[in-house]
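Chemist: I'd like to go over a predicted model; first the sequence, then the structure.
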Amino acid sequence: MSILTQHFMNICSTFEQMLPTQPCVLCGAASRHGAWCAACDAALPYLADAHCPVCALPTLDGATCGRCLKRVPLFNRTVAAFAYAFPLDKLVQALKFGEQLMLANSLADKLALRIKVPPDCIVAMPLHPARLRERGFNQSRELARRLATKLDVPLLSQACQRVRDTPPQSALKWKERGKNMRRAFSCTTDLSGKHVAMVDDVMTSGASLNELALALRRAGAREVSAWVIARTLPHTG
């Protein structure tokens, strides 16, 4: 290690020690690394590199999975930071149902590190107005807002609408989810020739994202990416 490299590392270490601490949301220990501490970050279920590039399910060599080859989704790729497993699932639930909105920035920052193909614009998974009034916020929009700022990509906050107030996907069996989401979205913005990234918190069956991708395609999008904080894997539900 060179003297200059050692000197730079010493400066970084000193700067880090000057940062204010806050309790880790997972273990309560002092953290200078954001919402959770370095030890808890190391324990998070980061998504393995060997996964299908289209739907992000695990594959042995990172090749496209048989499911996506048989029935090609309407989105081109999926980027996910984590597998939806403990303790990451607790962070997502705290954001979505516990109104811990400060978690949106930390989660979005982890996802931003995995973005390799920059889009022309970003859209958030829309909530139906009735659901938005009930919850008070859209967690996907909070994530999308942070990603748009972090990556310097426009966020089209009014481009897409959820036109049907569908039952929550989590309450349905996998085979029922696609039918539940049919014609649930509309897109009123001309997206001709654009690469659009959709942002959501968790992908399970992919039905919601696929239906939103359909609305984007109908609006002229030439390429669609799915960006999610976490991917539900087969053994996790």
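Modeler: That came through, no problem.
Chemist: what's the domain layout of this structure?
Modeler: Domain segmentation of the chain under automatic domain parsing yields 1-43, 46-236.
Chemist: return the most buried member of those domains.
Modeler: With neighbours taken as mean count of other CB atoms under 10 Å, those reach their highest mean count in domain 46-236, at a mean of 18. Every residue, glycine included, has its C-beta placed from N, CA and C.
Chemist: in this structure, which spans are strands?
Modeler: Taking DSSP state E as the criterion, the chain contains strands spanning 22-23, 30-31, 77-83, 121-124, 160-162, 185-187, 195-203, 223-231.
Chemist: now render the ones you listed as TSV, adding mean pLDDT and distance to Ala130.
Modeler: Formatted as TSV, the strands of the chain follow (pLDDT from 0 to 100; distance: least, CB to CB, whole Å):
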stretch	mean pLDDT	distance to Ala130
strand 22-23	89	35
strand 30-31	88	37
strand 77-83	98	28
strand 121-124	98	17
strand 160-162	93	10
strand 185-187	93	15
strand 195-203	98	19
strand 223-231	98	24
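Chemist: quick one: closest of those strands to Gln93.
Modeler: Closest to Gln93 of the strands of the chain, according to CB to CB: strand 195-203, at 9.6 Å.
Chemist: now the strands of the chain in CSV, with distance to Ala39?
Modeler: CSV is the format used below for the strands of the chain (distance: least, CB to CB, whole Å):
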stretch, distance to Ala39
strand 22-23, 13
strand 30-31, 9
strand 77-83, 17
strand 121-124, 31
strand 160-162, 39
strand 185-187, 40
strand 195-203, 24
strand 223-231, 20
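Chemist: shaky segments in the protein?
Modeler: In the predicted model, the chain carries pLDDT under 70 at residues 1-20, 165-182, 235-237.
Chemist: can we see that at 80?
Modeler: Within the chain, the ranges that satisfy pLDDT under 80 run 1-21, 33, 164-183, 235-237.
Chemist: quick one, helices of this structure?
Modeler: Assigned by DSSP state H, the chain shows helices spanning 3-18, 38-43, 66-70, 88-96, 102-112, 129-135, 139-151, 174-180, 207-218.
Chemist: now for the ones you listed, which one comes closest to Ile122?
Modeler: Closest among these, using CB to CB: helix 139-151, at 5.2 Å.
Chemist: and that closest one, what does it pack against?
Modeler: Contacts defined by 3 or more CB pairs under 8 Å, 6 or more residues apart in numbering; DSSP states H and E place helix 139-151 against helix 88-96, helix 102-112, strand 121-124, strand 195-203.
Chemist: how near is Arg231 to Leu151?
Modeler: When CB to CB, to the nearest Å is the yardstick, Arg231 and Leu151 sit 20 Å from each other.
Chemist: actually, Leu209.
Modeler: According to CB to CB, Leu209 and Leu151 sit 19 Å apart.
Chemist: try Ala159
Modeler: 17 Å.
Chemist: so the closest residue in space to Leu88 that isn't next to it in sequence bridges to which residues?
Modeler: Excluding the flanking residues, the one nearest Leu88 by CB to CB, 6 or more residues apart in numbering is Phe82, at 4.6 Å. Applying DSSP bridges to Phe82 gives these bridge partners: Tyr46, Ala230.
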